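>>> With the input below, show me the fold.
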Amino acid sequence: MTTLLLAEHDNKVLKDSTSKALTAAKALGADVHVLVAGKDCKAVADAAAKLDGVKKVLLVDADVYQHNVAEPLAALIVSLAGGYDAIVAPAGKDGDRLLAGAGDASVLRADGTRDLDARGAHRRRIDALWDHVVARRVGGDVD
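Residues are numbered from 1 along each chain as shown. Got it, this is the predicted structure:
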């Protein structure tokens with residue numbers, strides 16, 4: 001089981017929201033890979049690699065990802081989704097729109113009252129950690 005965490009950044013600096021979402025992603029109990037997609041963003045990938053609990057960083061550096069446009073990023077996420085049990089992104093407009101664009105009704109806005117395990121089941125309480133993430137279960141229905 002592996003979780004994909006979408007890094008939030010400005011192509012230069014990894015935002016703190018990524019670290020907060022990582023805490024929730026680790027609570028799922030699986031290895032965590034971080035996706036850094038942007039332009040000239042190797043420094044962001046290097047910073048992500050230093051976060052505690054990150055097993056692997058996927059760096060996708062291309063012009064099309066420079067301005068964080070939802071459509072190409074969503075297509076990238078869809079192309080990677082098959083290798084992951086869950087996809088997690090920092091909460092907010094970017095995470096919401098990217099996972100909604102990449103998914104379907106199995107996008108959950110985690111609000112501190114829900115719990116999500118690697119199968120998408122509401123299993124254990126992760127408390128306020130979920131205030132910082134949006135999660136998408138890969139495949140199947142969400143209970």
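>>> three-state assignment of residue 36?
strand (DSSP: H, G, I helix; E, B strand; the rest coil).
>>> what's the neighbour count on it?
27 (other CB atoms under 10 Å). Using the backbone N, CA and C atoms, a C-beta is placed for each residue, glycine as well.
>>> close enough to count as contact, it and residue 62?
No: counting by CB atoms under 8 Å, residue 62 is not a contact partner of residue 36; they are 11.6 Å apart.
>>> Could you pull out the residues contacting both of those two?
Shared contacts of residue 36 and residue 62 (CB atoms under 8 Å, 6 or more residues apart in numbering): none.
>>> Point to the helix or strand of the protein where mean pLDDT is at its lowest.
strand 107-109 (a mean of 43; mean pLDDT, DSSP states H and E).
>>> Would you map the strands across the chain?
Using DSSP state E, the strands found in the chain span residues 2-6, 31-38, 54-61, 86-90, 107-109, 133-137.
>>> ok, of those strands, where does mean pLDDT dip lowest?
Sorting those by mean pLDDT places strand 107-109 lowest, at a mean of 43.
>>> ok, now how distant is residue 72 from residue 86?
Distance, residue 72 to residue 86, using CB to CB, to the nearest Å: 22 Å.
>>> per-residue confidence for residue 40?
pLDDT at residue 40 comes out at 98.
>>> Please apply the same query to residue 16.
pLDDT at residue 16 comes out at 93.
>>> now swap in residue 1 and tell me
Model confidence at residue 1 (pLDDT) stands at 75.
>>> Which residue is the nearest non-sequential neighbour of it?
residue 30 (3.9 Å; CB to CB, 6 or more residues apart in numbering).
>>> contacting residues for the one you found?
1, 2, 3, 85, 86, 118.
>>> got it, and residue 33?
Residue 33 neighbours (CB under 8 Å, 6+ apart): 2, 3, 4, 5, 54, 55, 56, 57, 58, 84.
>>> how about 7 Å then?
Going by CB atoms under 7 Å, 6 or more residues apart in numbering, residue 33 touches 2, 4, 55, 56, 58.
>>> Test of understanding: give the bridge partners of the last one.
Using DSSP bridges, the bridge partners assigned to residue 58 are residue 35.
>>> looking at it, it is touching residue 38, isn't it?
No: the criterion here is CB atoms under 7 Å, and residue 58 misses it with residue 38 at 11.9 Å.
>>> Cheers, nothing more for now.
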